[in-house]
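1. All I have is the shape, not the residue letters:
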């Protein structure tokens, strides 16, 4: 069982830091994991309007402060990213950001990097969009620009963030998605110390499996069509060993 006594010094090797997406990739397809994190093959940059919008929204969320003119900030950030701030198209989203940011304490921290060493050998890490302490509970928000809610898609990521907060700050934690376009928050994932221990114990085991892994079979799924490595994937050649 994972316990706080197992937390040791993290090696300087950053390759030993496991993000939620890195852990999820191994579960999704070991061959994809090998290509990306062991062979370090280049990944095609994702550049589309949704990506740019997400970058813009995150910067506005981070920089906006109560009393400031958020439309002026939005115009500046949009222009910096090569886009025009059209209030008829984006005004509602920006007002959602304003209402959300002004609903949390001014002590809330944005773009906070959490790193939790595990068993003195490796660790898990993540960058939290917004977090703040209220009494004996840490509240964590991850912002998504999706056009519809899908809480189940993000459960693992939220569990990672909440469990890290429990062990790093010694309080209970809840993590949830803020859907920027909808101006709505998803259902919270809540963790206490016992739940965080159980979750992190599983992650320690996951990392041990990854580090001891010598075979990287393909795992075909509907996600294959989004993979950057389709052209070299053995599954496309009929070899899934």
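-> Noted; the coordinates are in hand. Please read these numbers as outputs of a predicted model, since none were measured by experiment.
2. Show the average pLDDT along the lengthiest strand in the chain.
-> Taking residue count as the measure and DSSP state E as the definition, the longest strand of the chain comes out as strand 122-134. Along strand 122-134, the predicted local confidence has a mean pLDDT of 94.
3. can you list the domains in this structure?
-> As given by automatic domain parsing, the domain ranges for the chain are 11-21+107-215, 49-101.
4. how long is the shortest one from one end to the other?
-> I take that to be domain 49-101. Here the two ends of domain 49-101 are set 23 Å apart, with distance taken as C-alpha to C-alpha, to the nearest Å.
5. before we move on, back to that, who's in contact with the helix or strand that the longest strand of the chain is followed by?
-> Scanning forward in sequence from strand 122-134 by DSSP states H and E, the next helix or strand is strand 137-144. Strand 137-144 is contacted by residues 57-58, 61, 104, 128-133, 154, 157-158, 161-162, 165-166, 169, 171-180, 185 when judged by C-beta atoms under 8 Å, 6 or more residues apart in numbering. C-betas here are computed from N, CA, C, even on glycine.
6. Of those residues, which belong to helices?
-> In helices, defined here by DSSP state H, the members of those are 57, 58, 61, 157, 158, 161, 162, 165, 166, 169.
7. can you give me the strands in this protein?
-> If you assign secondary structure with DSSP E, the strands in the chain sit at 17-18, 109-118, 122-134, 137-144, 172-179, 184-185, 189-191.
8. So for the second one, mean pLDDT?
-> This points to strand 109-118. In this model, strand 109-118 has a mean pLDDT of 91.
9. and if you look at stretch 89-100?
-> For stretch 89-100, the mean pLDDT works out to 94.
10. quick one: low-confidence parts of this protein?
-> Regions of the chain meeting the criterion pLDDT under 70 cover residues 1-14, 46-48, 119-120, 238-241.
11. hang on, the earlier thing: compare the strands of the chain and give me the one nearest residue 218.
-> The closest of these to residue 218 is strand 17-18. By C-beta to C-beta, the value is 21.2 Å.
12. Output the contacting helices and strands for the closest one.
-> The helices and strands touching strand 17-18, judged by 3 or more C-beta pairs under 8 Å, 6 or more residues apart in numbering; DSSP states H and E, are strand 122-134, helix 193-212.
13. looking at the ones you listed, which is buried most?
-> Greatest average neighbour count among those goes to strand 122-134 (a mean of 19), per mean count of other C-beta atoms under 10 Å.
14. other SSEs contacting it?
-> Contacts of strand 122-134 with other secondary structure elements, assessed using 3+ C-beta pairs under 8 Å, 6+ apart, are made with strand 17-18, helix 20-28, helix 49-63, strand 109-118, strand 137-144, helix 155-169, helix 193-212.
15. mind checking which of those is nearest residue 88?
-> Closest to residue 88 of the helices and strands packed on strand 122-134, according to C-beta to C-beta: helix 49-63, at 15.1 Å.
16. Quick check: buried residues in that closest one?
-> For helix 49-63, a neighbour-count test (16 or more other C-beta atoms under 10 Å) marks 53, 54, 56, 57, 58, 59, 60, 61 as buried.
17. what sits against the fourth one?
-> The reference is to residue 57. If a contact means C-beta under 8 Å, 6+ apart, then residue 57 has 93, 97, 143, 145, 180 as its contacts.
18. neighbours of the fourth one, just the number please.
-> Using other C-beta atoms under 10 Å as the criterion, residue 145 is surrounded by 17 other residues.
19. how about the nearest residue to it, chain neighbours excluded?
-> What sits nearest to residue 145 in space, not counting adjacent residues and going by C-beta to C-beta, 6 or more residues apart in numbering, is residue 54, at 4.7 Å.
20. Hmm, that neighbour is touching residue 129, no?
-> No: shown here, residue 54 and residue 129 do not form a contact pair, counting by C-beta atoms under 8 Å, at 10.7 Å.
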